[in-house]
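> okay, here's the prediction I keep looking at, along with the sequence it came from:
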Amino acid sequence: MTAMRDALASSLLGEAAAEADDGSWSSELRDMLLAEVPGLFDALSGRGPVAMSAYALRTWHRDPTSIADLADDRPFRWAPLLARRSIARLALRALGAAPPLGPAGAVAEVLASAVRETDSGDVREGSWSAWYTALPPGAQSVVQAVATTWTTQVVESLAWEKLGAGVDLTSASDRWQCPARRPLLLRSTIDARVAVAGALGGGGTDGARRSDHALVVVGGGAPDPTGKSELAFHALVTTLTRNRAPVRVLGLWPEAGAHVTLEVSRADLHAAAIDVVAAARAVASSSASNR
Amino acid sequence: MFDMGGPAGGDLLDQLRAGGLARPRVDPDQIAAVRSRLEHAARAHTAGLDPGTVVRVSKQDVTTILACEGHAAAERRAKRPPTQAQVLGILMDAVFRHLVTTGSAEDPLRVAREALEVDAERNADIVAYLDGLAPGPGSELARGVEAMTRALTRRWPSLPARFHPRTQERSVVSLAGGAVVLSGVLDLAIGVPDGMSARVCLVDVKAGKPRVEHRADMHFYALIETLRSGAPPFQVASYYLTDGRLDREAVTAVVLESATRRCCDAIERLCRLADGKEPSLTPNPLCPWCAARPGCAPGRQWIDRKEAHDGDA
């Protein structure tokens, strides 16, 4: 496993492939979505945006009839398996503390800090910190145990320590909203953004800004056959949000000991946008027929 | 009910880390051969299934289907409420996880209930069972949890951070492009695989009596951990809460071979069921508890013979 985690870190940091975003891809993708999506949800009940995540797309790939749920305005409810990823991301940052903390110590520190911040009113309502702090002791220990196990598996999967100062564990979420009366919100949660050494600070010969980062996304279970489409979705949302495509996306599935790397191309992003439009159409028609 | 004579504290810690035992080197060829055999079995037996069918294989599925295909089919159809013994086992799993995570297990029944309620959707049947308890059996269950927790906290050592203890660790192995999924959730894993040598010990906590299939269950866990991490565990163990015994077994090539054979056999049979084939019936000691017993002639004959034999004895 050590050799594998080292190899993954090296390949993550490798230079961009020949085809790199010269800054034009995001506007192409935006035009494509703006031409297809607005108006799709106008007839649906409810007022909030229809949110689409990688999970929703995976579910749609598995079972196209399940997509109507996205249009529901049901409130989100935290559960230990949902909170573990947010906690692990913070624990990965805490792992670098001195004296060094193991995964269990890092998670304990993150949770203690969440309680302190909640008690002092520094967290927003609906956050995992507020949810965790309000739990009774037996439930809190489940969250701690689940997060510790997950963090340990995530640490085992990739040589994070080799990613150096160019790893960003703070900007975990990208969101892009396609404007409409009832908008479509694309939401991507990633686990790390990593500067790609060869392209750092790079500008192309034409002066355009080139891709300079890669994404790491950690998932539960085993990758689906559509695993690459899921990674392309993350690349799409990042491109739309930050006006620049990532060089690659590394997907890790520690529970399965599996990984998939997508070297991001213009074609991948177009395919992801087509997927989003198809899923959005399915939401619209399915919700309309259920009314 | 409880034997207080099992190993405790440092002795148990020593057994968990198998002090003095050399950690076997990983044999990548052996692991590749194991994966190849399972892949071959999965591809061969899922070839005729409807596209999109996923055959899920847990330790319970392996044990049940190898005992009797009819029993496995009946268990999948029957939605039986949990028994008190099963609920006790689930509550003790929660107490054990709480102890390993926080270092204490005070008020165990409350803690276990809170642990189940935080994921109420997943644990709905157990929470409903606890809600529906009349005072009598409820007290019996509570007494069982209290007594097992007392024994557990007396014996179970604090695990050093360098052991990297993980509770309820889930492992998944996907075969034949996801058409077959092997999975398991371990009560405790310690040590971290390094790819060069076997460094992980897997532990399953048991609230009931030792049973012959427990070792086969652990072999299945060893198999999926090997495929997931690329290195076999050096040791698997069942920890019995009633007497504090740690039933350990080194994970050898023979263990992996036996687990692979059983798993291939189980995949074949589970695929037959998934294909709608008539299950074969194999009378066995599980017959008295089988949901299909009323309509199963071979099973009823087996039970009759057993009862007659027991009566004679």
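Arrived safely.

> all contacts plus neighbour counts: C-alpha atoms, from now on.
Noted.

> and the helix or strand harbouring residue B:113, is it in reach of chain A?
Counting by DSSP states H and E, the element that carries residue B:113 is helix B:108-117. Yes. Judged by Cα under 8 Å from any Cα of the partner chain, helix B:108-117 and chain A are in contact via B:110-117.

> what's the nearest residue to residue A:178 if we skip its chain neighbours?
Spatially, and ignoring its direct neighbours in sequence, residue A:178 is nearest to residue A:184 (5.2 Å; Cα to Cα, 6 or more residues apart in numbering or on different chains).

> now swap in residue A:142 and tell me
residue B:115 (6.0 Å).

> ok, now residue B:23?
Using Cα to Cα, 6+ apart, the nearest residue to residue B:23 is residue B:198, at 5.5 Å.

> was I right to think the one you found contacts residue B:229?
No. At 10.2 Å, residue B:198 and residue B:229 do not qualify as touching, with contact defined as Cα atoms under 8 Å.

> mind listing the strands in chain A by residue range?
Using DSSP state E, the strands of chain A run over residues A:50-53, A:167-168, A:173-178, A:184-189, A:192-195, A:213-218, A:248-253, A:258-263.

> tell me which of these lies nearest to residue A:80.
strand A:213-218 (16.0 Å; Cα to Cα).

> that closest one pairs with which strands, and in what direction?
The pairing partners recorded for strand A:213-218 under DSSP bridges are strand A:192-195 (antiparallel), strand A:248-253 (parallel).

> and these, which one averages the lowest pLDDT?
Looking at the strands paired with strand A:213-218, the lowest mean pLDDT belongs to strand A:192-195 (a mean of 92).

> isn't there a helix covering residue B:56?
No. Under DSSP: H, G, I helix; E, B strand; the rest coil, residue B:56 falls outside any helix and is assigned strand.

> isn't it right up against residue B:182?
Yes. Using Cα under 8 Å, residue B:56 is in contact with residue B:182, at 6.1 Å.

> neighbour count winner among the two?
The neighbour comparison of residue B:56 against residue B:182 (other Cα atoms under 10 Å in any protein chain shown) goes to residue B:182, with 23 against 16.

> which pLDDT value goes with the more buried one?
The score at residue B:182 is 98. That number is its pLDDT.

> got the phi and psi for it?
phi -90, psi 140 (degrees, to the nearest 10).

> show me the beta-bridge partners of it.
Under the criterion used (DSSP bridges), residue B:182 bridges to residue B:57, residue B:173.

> quick one: name the residues of the stretch 101-250 of chain A near chain B.
Near chain B, when you scan the stretch 101-250 of chain A using Cα under 8 Å from any Cα, you find A:102-105, A:136-142, A:144-146, A:148-149, A:152, A:156, A:221-222, A:224-225.

> of the residues you listed, buried ones?
A:102-105, A:137-142, A:144-146, A:148-149, A:152, A:156, A:221-222 (16 or more other Cα atoms under 10 Å in any protein chain shown).

> okay if I get the strands of chain A as CSV plus mean neighbour count and distance to residue B:87?
Below are these laid out as CSV (neighbours: other Cα atoms under 10 Å in any protein chain shown; distance: least, Cα to Cα, whole Å):
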stretch, mean neighbour count, distance to residue B:87
strand A:50-53, 20, 36
strand A:167-168, 18, 44
strand A:173-178, 18, 40
strand A:184-189, 22, 36
strand A:192-195, 23, 40
strand A:213-218, 23, 33
strand A:248-253, 24, 31
strand A:258-263, 19, 34
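
> now residue A:93. Nearest residue, chain neighbours left out?
In space, and not counting its chain neighbours, residue A:93 is closest to residue A:169: 6.8 Å by Cα to Cα, 6+ apart.

> roughly how far apart are that neighbour and chain B?
22 Å (Cα to the nearest Cα, to the nearest Å).

> which residues sit in contact with that residue?
Applying Cα atoms under 8 Å, 6 or more residues apart in numbering or on different chains, we find residue A:169 in contact with A:89-90, A:92-93, A:191-193.

> which of those count as buried?
Neighbour-count burial (16+ other Cα under 10 Å) is assigned, among those, to A:89-90, A:92, A:191-193.

> what about the stretch 101-250 of chain B, any weak spots by pLDDT?
Low-confidence segments of the stretch 101-250 of chain B (pLDDT under 70): B:135-138.

> what is the burial count for the residue nearest to residue B:23?
24.

> and if you look at residue A:151?
27.

> how about the helices in the stretch 1-150 of chain B?
Using DSSP state H, counting those that start in this stretch, the helices of the stretch 1-150 of chain B run over B:9-17, B:28-46, B:59-67, B:69-77, B:84-102, B:108-117, B:124-131, B:135-155.

> next, the buried residues of the shortest one.
Residues of helix B:124-131 classed as buried by neighbour count (16+ other Cα under 10 Å): B:126-127.

> likewise the fifth one?
Buried residues in helix B:84-102, defined by neighbour count with 16+ other Cα under 10 Å: B:84, B:87-102.

> angle of it against helix B:124-131?
100 degrees (axes from the mean of the first three to the mean of the last three Cα atoms, to 10 degrees).

> again with the second one
An angle of 90 degrees separates the directions of helix B:28-46 and helix B:124-131 when computed by the same axes, to 10 degrees.

> other residues contacting helix B:28-46?
Applying Cα under 8 Å, 6+ apart, the external contacts of helix B:28-46 come out as B:175-176, B:179-180, B:226-227, B:230-231, B:257, B:260, B:263-264, B:267-268, B:271-272.

> keeping just the C-alphas, turn it into PDB.
Extracted C-alpha coordinates of helix B:28-46, given in PDB (Å, rounded to 0.1, in the frame of the first residue of the first chain):
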ATOM      1  CA  PRO B  28       1.800 -10.300  -4.800                       C
ATOM      2  CA  ASP B  29       1.600 -13.400  -7.000                       C
ATOM      3  CA  GLN B  30      -0.600 -15.200  -4.600                       C
ATOM      4  CA  ILE B  31      -2.900 -12.200  -4.200                       C
ATOM      5  CA  ALA B  32      -3.100 -11.800  -8.000                       C
ATOM      6  CA  ALA B  33      -4.000 -15.500  -8.300                       C
ATOM      7  CA  VAL B  34      -6.700 -15.200  -5.600                       C
ATOM      8  CA  ARG B  35      -8.200 -12.100  -7.400                       C
ATOM      9  CA  SER B  36      -8.100 -13.900 -10.700                       C
ATOM     10  CA  ARG B  37     -10.000 -16.900  -9.500                       C
ATOM     11  CA  LEU B  38     -12.700 -14.800  -7.900                       C
ATOM     12  CA  GLU B  39     -12.900 -12.600 -11.000                       C
ATOM     13  CA  HIS B  40     -13.200 -15.700 -13.200                       C
ATOM     14  CA  ALA B  41     -16.000 -17.200 -11.000                       C
ATOM     15  CA  ALA B  42     -17.800 -13.900 -10.900                       C
ATOM     16  CA  ARG B  43     -17.600 -13.300 -14.700                       C
ATOM     17  CA  ALA B  44     -18.600 -16.900 -15.500                       C
ATOM     18  CA  HIS B  45     -21.600 -17.000 -13.200                       C
ATOM     19  CA  THR B  46     -23.000 -13.600 -13.900                       C
END
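
> min pLDDT across the contacts of residue A:169, which one?
Lowest confidence among the contacts of residue A:169: residue A:93, with 88.

> if we can go back for a sec, between the contacts of residue A:169, which is nearest chain B?
Comparing the contacts of residue A:169 against chain B with Cα to the nearest Cα picks out residue A:92 as the nearest, at 14.9 Å.

> for the closest one, what are its contacts?
By Cα under 8 Å, 6+ apart, the contact list for residue A:92 reads A:103, A:106, A:151, A:155, A:169.

> could you redo the last one with a cut-off of 10 Å?
Taking Cα atoms under 10 Å, 6 or more residues apart in numbering or on different chains, we find residue A:92 in contact with A:101-103, A:106-107, A:110, A:151-152, A:154-155, A:160-161, A:169, A:191-192.
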